[in-house]
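Chemist: sequence first, then the predicted structure, then my questions.
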Amino acid sequence: MGRLIKFLIYLICLSFIGLIGYAYIGPFFGADFSAPQSEIREPVILNAD
């Protein structure tokens, strides 16, 4: 049971390191993490009675 928990902890650590690495290196390989830049306008009706 102890080896299973140790394995899961190692797996979580490696996954976290991999995610950080992908966030930094991903844009060099074509991954685009930027938000879409478009203006959205919607009318707002206020009920001020």
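Modeler: Cool, got the structure. Everything quoted here is computed from the prediction, not taken from an experiment.
Chemist: CA atoms for contacts and neighbours, from now on please.
Modeler: Noted.
Chemist: tell me the secondary structure at residue 31.
Modeler: Put simply, residue 31 is coil when judged by DSSP: H, G, I helix; E, B strand; the rest coil.
Chemist: just the helices in this structure please.
Modeler: Using DSSP state H, the helices of the chain run over 2-25.
Chemist: point out where this protein drops to low pLDDT.
Modeler: Applying pLDDT under 70 to the chain flags residues 49.
Chemist: again, only this time at 90
Modeler: Of all residues in the chain, those with pLDDT under 90 make up the ranges 22, 26-36, 45-49.
Chemist: how near is the nearest residue to residue 26 once chain neighbours are set aside to residue 25?
Modeler: Excluding the flanking residues, the one nearest residue 26 by Cα to Cα, 6 or more residues apart in numbering is residue 32, at 7.7 Å. Distance of residue 32 to residue 25, given as Cα to Cα, to the nearest Å: 11 Å.
Chemist: same question for residue 1.
Modeler: From residue 1 over to residue 25 the distance is 36 Å, taken as Cα to Cα.
Chemist: those two - which one has more neighbours?
Modeler: residue 25 (12 against 6; other Cα atoms under 10 Å).
Chemist: distance check, the more buried one against residue 16.
Modeler: Counting by Cα to Cα, the gap from residue 25 to residue 16 is 14 Å.
Chemist: cool, and residue 37?
Modeler: For residue 37, the distance to residue 16 equals 29 Å [Cα to Cα].
Chemist: higher neighbour count, those two?
Modeler: Using other Cα under 10 Å, the more surrounded residue of residue 37 and residue 16 is residue 16, with 12 against 6.
Chemist: before we move on, back to that, give me the neighbour count for the residue nearest to residue 26.
Modeler: Residue 32: 10 surrounding residues under other Cα under 10 Å.
Chemist: go on, the one 4 residues further on?
Modeler: For residue 36, the tally of surrounding residues (other Cα under 10 Å) stands at 6.
Chemist: pull the contacting residues for it.
Modeler: Going by Cα atoms under 8 Å, 6 or more residues apart in numbering, residue 36 touches no other residue.
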